[in-house]
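# Okay, predicted coordinates and the sequence, questions at the end:
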Amino acid sequence: MRTSRIHQPLTYDVRLPDEAQADALRLLDASRAVVNQALAILWPHLDEFATDRVGPAWKQVGKYIASPSPHGDRQWRCESEVVGRVLRAQAERKQAFLLVLPILSDGFIRPKTDKCPPGKNRSAIKEAITILQKSLEEDEISFVALQNVIEQACNYYFHHDQFPATYEDLQSIPLLNVGMLTYAGDDGGAKGQAYRLALDLDTGVARFRFRYPDSAGVWHWRKVDTIIPLPEVVKERCACGELMAPTLREEQRADGSRIAVLDFIIEVEKADLPAWENVEHVLGADWGVHTLLTATAVDEHSEQIGRPFFLNTGGFDGRQARTRRQIDELKKKVAKYEQEWDALPPDHPKRAWFNQKLAVWRREIDRCWRKYERRNRALAHLASNVLVLLARVHGCSLLSMESLKTLKTTGRGKGVRGRWRNYRNNTTIRGEIWRLLRYKCHLIGLRFHTEQPRGTSHTCPHCGRPAKTYHSPAHLDEAVRWGRWLFCDTCHYNGDRDYCASVNIARLGIAYLVQMKQTGKARSCSMTDPRVKPVSYTGAGAVLLLPPTGSPARPSISGKICYYPGWLGSAFLQSSQKNSVFLRLCG
Ligand SMILES: [Zn+2]
């Protein structure tokens, strides 16, 4: 692949037509067996995949072993490409593990209390990583990579009461659970010896042909091309990007059935970022305490443009919490039955009965997880699309986003357990939205900058002085740290806490922008910095082009804010954006 600075690969999965399914799944089973055998053989040599990484992964694997079960030279190359990529990624994680091994300590573990299950002490972990990173070369290893390994080590601790001594203790051999075969080791769509792929953009189809084992295990080429109708977005992408070698993959459905999909990987050029001098408007977005996201646009003269936007997830959190509860209950049942099963003598007739029950429940757990993750993904897509569209609508070329590192508790949900669950899911959702936003900003050429949230929800956006928050506009006698109404003692400005925080994030963005324009040096400001200017709201400017949908659509007015309930129940987007832009955002 070319350098990632100017190009970026996009992946679109397309289900193979029915006539090719059986053969493709057999191919995936055969290659998965080979990949897993090779992984098991090479696992003791993991370290070598950390250093010698020049050239394609399949060549490196080929230096050590030949196919444990040969089905043709190019077939093995594709399989060993998968093996090599897995091992290189694992070797990288091992490097991260070796770095954190000396700092793993009990301080990372938050002991069980009456209110919370045992967990990870995230602030201690964050602090330790920050210190560790200072001792490393710049960009040697990312914060997220280190955090990821530490969290896995903490999970290990929960099970074993001690931290792992070696990476191999922590990580079992990463065998593939479902089939995956990249064709990157082959000679390309026209000359490939394991696959052929041709696009016909006029008729909008791809012709795909592949080698596979028949039901007797004999390998053939498929006699005819499989015709795959291409989705609109893939056609559009192919017209301006370069089609890379595809990956054949297996997906498991909730009911246990399997399907084969082909990942079309298209490399496109990243959009150019706007020059700093052309950036005039900033969209500030805040992870809310009461809403999932709040966004407000501000121009470089510190005037708010348009109205704030709130993304309230309404019944979503409750639904997700219910699914989590269902999963926890099923897990408990499984654990109990596993214990009973263990206690039985090996030849006891009831063992088969237990096995059957356990299989059903495990499938059900799997189904719940998928549902849960699907919902999160859908919401994350929606949220990131809304933000990008808002930025466009208000002519913002800079998206100023509250950092992910400090997470607020949501303060929502009934009782501690409910709050804990919502919190857990919000953490996942935010990560997902974050990832998608970065990616979409790259795609459409929107600048993206992170701001530290310190003080943003306890500063008056109007005069810039520290301000307290209260339960509601009617309860201004007692300040509450997580209160949803901000009141400024100095200028008597007051407003919704999340809205104020989003304006403050936008103010930080403006201060950053002004510095970039004046000095060309990137430097973030803190909330108390005099360069962070107060914002005035004229009420003029662009209005929101995203009408709320769904029922009941009647807004309820409370204080300064208008709520549109049910917005997410029928989550779809409408926009006056050009089709091509809209497709990009949604694809
Ligand atoms: Zn004020």
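Received it, and whenever you're ready, just let me know what you need.
# Residue 392 sits in which helix or strand?
Taking DSSP states H and E as the definition, residue 392 sits inside helix 350-393.
# any idea of the mean pLDDT for that helix?
Mean per-residue pLDDT for helix 350-393: 86.
# Same check on stretch 430-449?
On average, stretch 430-449 scores 85.
# Which phi and psi values does residue 273 adopt?
phi -80, psi 150 (degrees, to the nearest 10).
# what's the neighbour count on it?
Residue 273 sits with 16 neighbouring residues when counted by other CB atoms under 10 Å. Placement of C-beta: from N, CA and C, glycine included.
# Would you check that it makes contact with residue 443?
No: in this structure, residue 273 is not within contact of residue 443 by CB atoms under 8 Å, at 11.5 Å.
# and the residue nearest the centre of the chain, which of the three is it?
In the chain, the residue lying closest to the centroid (CA atoms, centre = their mean) is residue 432, at 3.1 Å. At residue 432 the chain is in helix, as set by DSSP: H, G, I helix; E, B strand; the rest coil.
# What is the burial count for the closest residue in space to it that isn't next to it in sequence?
In this structure, residue 432 finds its nearest non-sequential neighbour in residue 380, 3.8 Å apart by CB to CB, 6 or more residues apart in numbering. Here the count is done by other CB under 10 Å, and residue 380 has 21 residues near it.
# what about the residue of the stretch 301-450 of the chain found nearest the ion, neighbour count?
At 13.9 Å from the ion, residue 302 is the closest residue in the stretch 301-450 of the chain, using CB to the ion. By other CB under 10 Å, the residues close to residue 302 number 19.
# And for residue 377?
If you count neighbours by other CB under 10 Å, residue 377 ends up with 13.
# swap in residue 253?
Neighbours around residue 253, by other CB under 10 Å: 11.
# surely it meets residue 259?
Yes: the pair residue 253 / residue 259 is scored as a contact, 6.6 Å apart, by CB under 8 Å.
# Helix, strand, or coil at residue 301?
Look at residue 301: counting by three-state DSSP, its state is coil.
# what's the answer for residue 524, then?
Quick answer, by three-state DSSP: residue 524 is coil.
# From the chain's centroid, how far away is the top strand by length along the chain?
When the chain is parsed with DSSP state E, its longest strand is strand 258-269. Centroid separation for strand 258-269 versus its chain: 18 Å, with CA atoms, centre = their mean, to the nearest Å.
# Then stretch 477-488?
Counting by CA atoms, centre = their mean, stretch 477-488 comes out at 33 Å from the chain centroid.
# for the residue of the stretch 301-450 of the chain closest to the ion, what are its contacts?
Residue 302 is in contact with 507, 510, 533, 534, 535, 536, counting by CB atoms under 8 Å, 6 or more residues apart in numbering.
# Residue 451: which of the residues you listed is nearest?
Set against residue 451, the nearest of those by CB to CB is residue 507 (9.2 Å).
# my guess is that closest one contacts residue 286, does it?
No: counting by CB under 8 Å, residue 507 does not reach residue 286; the two are 11.4 Å apart.
# thinking again about what came up before, pull out the buried residues from the helix or strand following the longest strand of the chain.
Following strand 258-269 in sequence order, the next helix or strand is strand 281-287 (DSSP H and E). Buried residues in strand 281-287, counted by 16 or more other CB atoms under 10 Å: 281, 282, 283, 284, 285, 286, 287.
# which helices and strands does the helix or strand residue 33 falls within pack with?
Using DSSP H and E, residue 33 sits within helix 18-42. Applying 3 or more CB pairs under 8 Å, 6 or more residues apart in numbering; DSSP states H and E, one finds that helix 18-42 contacts helix 57-64, helix 73-100, strand 180-182, strand 205-213, strand 247-252, strand 258-269.
# Parallel or antiparallel, list what pairs with the fifth one.
The reference is to strand 247-252. Within its sheet, strand 247-252 is paired with strand 180-182 (antiparallel), strand 258-269 (antiparallel), according to DSSP bridges.
# Show me which residues of whatever helix or strand comes next after the first one are buried.
Sequence-wise, the next helix or strand beyond strand 180-182 is strand 195-200, with elements assigned using DSSP H and E. Applying a neighbour-count criterion of 16+ other CB under 10 Å, one finds 195, 196, 197, 199 buried in strand 195-200.
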